[in-house]
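Peer 1: task: produce atomic coordinates for the following.
(one chain, ligands or ions: 1)
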Amino acid sequence: MLIPIRCWSCGKPIAQFWEEYQERIGKGENQKELLDGFGLTRPCCRSMLLGQVDLIDTVAQFKKS
Ligand SMILES: [Zn+2]
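Peer 2: Take a look at the predicted model:
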């Protein structure tokens, strides 16, 4: 779905990194260096970006109204 605004676990705001993260991953940059560069040191926050898949457009096709 959409990236959560804050980390579920610790509450740190992470959504502002998502677009840049996707763009730079697409260019083949190293994931570890990217996450370190954003200052995401806790594993909970790192997993939020690593595990995110944008499914909102797919799910929206099945909206009832
Ligand atoms: Zn966290």
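Peer 1: ranges for the helices of this structure?
Peer 2: Listed in chain order, the helices of the chain (DSSP state H) span residues 18-26, 31-38, 43-50, 56-60.
Peer 1: just say which of those helices is most tucked in.
Peer 2: Across the helices of the chain, averaging neighbours per residue (mean count of other Cβ atoms under 10 Å) puts helix 43-50 on top, at a mean of 18. For every residue, glycine as well, the C-beta is placed using N, CA and C.
Peer 1: what about that helix, near the ion?
Peer 2: Yes. Residues of helix 43-50 contacting the ion under Cβ under 5 Å from the ion: 44-45.
Peer 1: dump that helix to PDB, keeping only the CA atoms.
Peer 2: This file holds the C-alpha atoms of helix 43-50, laid out as PDB (Å, rounded to 0.1, in the frame of the first residue of the first chain):
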ATOM      1  CA  PRO A  43      16.300  -1.900  12.100                       C
ATOM      2  CA  CYS A  44      12.600  -1.300  12.500                       C
ATOM      3  CA  CYS A  45      12.800   1.900  10.400                       C
ATOM      4  CA  ARG A  46      15.000   0.200   7.800                       C
ATOM      5  CA  SER A  47      12.600  -2.700   7.400                       C
ATOM      6  CA  MET A  48       9.800  -0.200   6.700                       C
ATOM      7  CA  LEU A  49      11.500   1.000   3.500                       C
ATOM      8  CA  LEU A  50      13.100  -2.400   2.600                       C
END
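Peer 1: relative to helix 18-26, how tilted is that helix?
Peer 2: If you take axes from the mean of the first three to the mean of the last three Cα atoms, to 10 degrees, helix 43-50 sits at 70 degrees to helix 18-26.
Peer 1: show residues contacting helix 43-50.
Peer 2: Where contact means Cβ atoms under 8 Å, 6 or more residues apart in numbering, the residues beyond helix 43-50 that reach it are 3-4, 7-10, 12, 14, 17-18, 21, 31, 35, 40.
Peer 1: drop anything exposed from those residues.
Peer 2: Among the contacts of helix 43-50, the ones that count as buried by 16 or more other Cβ atoms under 10 Å are 3, 7, 14, 17-18, 21, 35, 40.
Peer 1: up against the ion, what does the protein have?
Peer 2: With Cβ under 5 Å from the ion as the criterion, the chain comes near the ion at residues 7, 9-10, 12, 42, 44-45.
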